[in-house]
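Visitor: Output the structure for:
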Amino acid sequence: MAWGLVLETGHQIPTLDEALSLIGDTCLVVLNLQEFDLEGLKAVLAKQPKGNLLAYGVDPEVVDEVVDATGIAGYANISQTRLFETETPLQILETWSEVIGDELVLAHVKRVRHITPELLERAEQLGVKLSVSGYGKEDIALGDKGDQSAWLETLDSGAMVYWTTIPDQLLEVLWDK
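Guide: From the prediction side, this is the model:
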C-alpha cells in the first residue's frame with residue numbers, strides 16, 4: 001500500500017498504515033472504497049484499532065466484502081447512483097441493510113431534502129445514523145454570503161454527520177446555535 005508519492009513540497013504522502021498509526025483512535029476515519037487491494041487493506045487494518053474506522057462506498061457488495069474481511073463498520077451512500085438509478089434513499093437504505101446487516105452504522109444522502117420522516121424512522125429502527133452533504137447551497141450561502149439559514153435547516157434535519165468544504169465556518173454556526 002506504499003506508493004511513495006511525493007508532494008511538490010518534497011514531503012512524502014504517508015501510507016494508509018502510517019496515517020492510521022498516527023491517528024490511532026482519536027478521530028473518525030472514513031475509508032472511501034474506490035480502488036483498493038483487499039489483502040493489503042486487511043493487513044494494514046489488522047494492526048489498527050477498529051472502533052473509529054468506517055468502510056464507505058456506493059456498492060453494498062464491495063462494502064460488505066470489506067466489512068466481513070476486516071471487522072470494521074459500514075457506511076453507505078444511499079443517494080441515487082449508477083447502481084440505484086431509480087430508487088429512493090429509503091429503498092436504497094433497505095437494500096444496504098439487507099446486504100450489510102447490523103454492521104451498517106451510517107448512511108449518507110447528498111441533500112437535506114432527501115431526509116424524510118420515513119427515512120429517519122427507518123434509519124432509527126435499523127440503528128443507522130444519517131449523514132448529509134452541505135457542499136451545495138449550504139456551503140455557498142454560508143461561505144459567500146454569511147447566510148446561515150440553509151445550514152440551520154440542515155442541522156435540524158435529523159442527520160448526525162455533516163459534510164462541508166468550510167468546517168471552520170460551520171463550527172461557528174454550531175457554536176452559535
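
Visitor: which outside residues touch stretch 136-145?
Guide: For stretch 136-145, the external contacting residues (C-beta atoms under 8 Å, 6 or more residues apart in numbering) are 111-112, 147-151, 154, 164-166, 169-170, 173. Every residue, glycine included, has its C-beta placed from N, CA and C.

Visitor: Equivalent analysis for stretch 32-47, please.
Guide: Contacts for stretch 32-47 (C-beta under 8 Å, 6+ apart): 1, 15-17, 20-21, 31, 53, 55-57, 59, 62-63, 65-66, 69-72.

Visitor: do the same with stretch 106-113
Guide: Residues from elsewhere that reach stretch 106-113, judged by C-beta under 8 Å, 6+ apart: 54, 56, 73-79, 89, 93, 96, 115, 119, 123, 128-133, 136, 138, 153-154, 157, 159-161, 163.

Visitor: Could you tell me the end-to-end distance of stretch 21-36?
Guide: 19 Å (C-alpha to C-alpha, to the nearest Å).

Visitor: what does stretch 21-34 give?
Guide: First residue to last in stretch 21-34 (C-alpha to C-alpha) measures 22 Å.

Visitor: for stretch 67-75, same thing?
Guide: End-to-end distance of stretch 67-75 (C-alpha to C-alpha): 10 Å.

Visitor: List the buried residues of that stretch.
Guide: 67, 70, 72-75 (16 or more other C-beta atoms under 10 Å).

Visitor: And the buried ones among the contacts of stretch 32-47, selectable in PyMOL?
Guide: This is the PyMOL syntax for the buried subset of these, where burial follows 16+ other C-beta under 10 Å:
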select buried, resi 15+16+17+20+31+53+55+56+57+59+63+66+70+72
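
Visitor: so where's this protein shaky on pLDDT?
Guide: Low-confidence segments of the chain, defined by pLDDT under 70: 1-7.

Visitor: What are the boundaries of the helices in it?
Guide: If DSSP state H is used as the criterion, the helices of the chain fall at 16-23, 38-45, 60-70, 89-100, 117-126, 137-145, 149-155, 167-176.

Visitor: got the ones you listed as JSON lines, with distance to Gly10 columns?
Guide: Putting those into JSON lines (distance: least, C-beta to C-beta, whole Å) gives the following:
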{"stretch": "helix 16-23", "distance to Gly10": "17"}
{"stretch": "helix 38-45", "distance to Gly10": "25"}
{"stretch": "helix 60-70", "distance to Gly10": "33"}
{"stretch": "helix 89-100", "distance to Gly10": "42"}
{"stretch": "helix 117-126", "distance to Gly10": "46"}
{"stretch": "helix 137-145", "distance to Gly10": "31"}
{"stretch": "helix 149-155", "distance to Gly10": "38"}
{"stretch": "helix 167-176", "distance to Gly10": "27"}
